[in-house]
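Chemist: Dropping the sequence and predicted coords here.
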Amino acid sequence: MGSRTLLATEFYRPLGEGRFFAAPNAFYEDRKVNFYQNGDRLAEYSFRTAQAGIDFGYRVNRSSEIRLGYSIGHQKASRRIGSPLLSDLSGKTSFASLRWNYDTRNNAQIPSRGIELRNSLNYYFDAPGAANSFAQAESRFNAFHSIKSKNIIFGFGGGGATFGETAPLFQQFALGGLFNVGGYGTGEFRSGNYLNGGFG
């Protein structure tokens, strides 16, 4: 199983008395990523990202917001254990992003009703391993509905696409693990495009 260390901060600042806002942000992430072949785990890599950026946004209502932002940082991939399947990789990352988030869940941790939508369109100017700039889009949803008093049905899914280029290592979509192609290792499948979903 992979593991993750994340340090993140954001300063949300309304602009005047309207619904526009600015949100400078920064984060550091260290992910332990497993690589597989024919179902066997062959290696574990460390993916590190240090990044800072700023978003300018508009709060549509209490459940919805739109953000336009720019981020710049550094990414590094290095082998921890196992076979040297990939060369160590590091370099600058920079991208512009457009995001729309919508959330009507009644509880962020254990919801019993509501919908969560996360939609993003990123344009990467720089990314380690990328020969050219490229665009990438992703949309994900979770939906919950109560039946009587103790039963909850839910659905989840998402899709992503990399336009015109092969997604470099850090920008690949990873599938596998609980609620993300269950029964397989976390992040066992990696691709520049994906579509998945389920319910329970």
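Modeler: All right, it came through fine.
Chemist: Dig out what the closest residue to Pro14 other than its chain neighbours forms beta bridges with.
Modeler: Take Pro14 and drop its neighbours on the chain: the residue closest to it by Cβ to Cβ, 6 or more residues apart in numbering is Phe21, 5.0 Å away. All C-beta spots, glycine's among them, are computed from the backbone N, C-alpha and C. Beta-bridge pairing of Phe21 under DSSP bridges involves Pro14, Gly57.
Chemist: Tell me if I'm right that Phe21 and Ile54 touch.
Modeler: No: contact criterion Cβ atoms under 8 Å: Phe21 and Ile54 do not qualify, at 11.0 Å.
Chemist: number of nearby residues for the residue nearest to Leu169 when sequence neighbours are not counted?
Modeler: Spatial nearest neighbour of Leu169, chain neighbours left out: Gly129 (5.4 Å); criterion: Cβ to Cβ, 6+ apart. For Gly129, the neighbour count with other Cβ atoms under 10 Å is 17.
Chemist: Quick check: Gly129 touching Ser90?
Modeler: No: between Gly129 and Ser90 there is no contact under Cβ under 8 Å: 9.6 Å.
Chemist: picking that back up, show the pLDDT at the residue nearest to Pro14.
Modeler: pLDDT recorded at Phe21 is 97.
Chemist: cool, and Ala52?
Modeler: The model's pLDDT for Ala52 equals 98.
Chemist: Could you check how far Gly69 is from Arg13?
Modeler: To Arg13, Gly69 is 14 Å away according to Cβ to Cβ, to the nearest Å.
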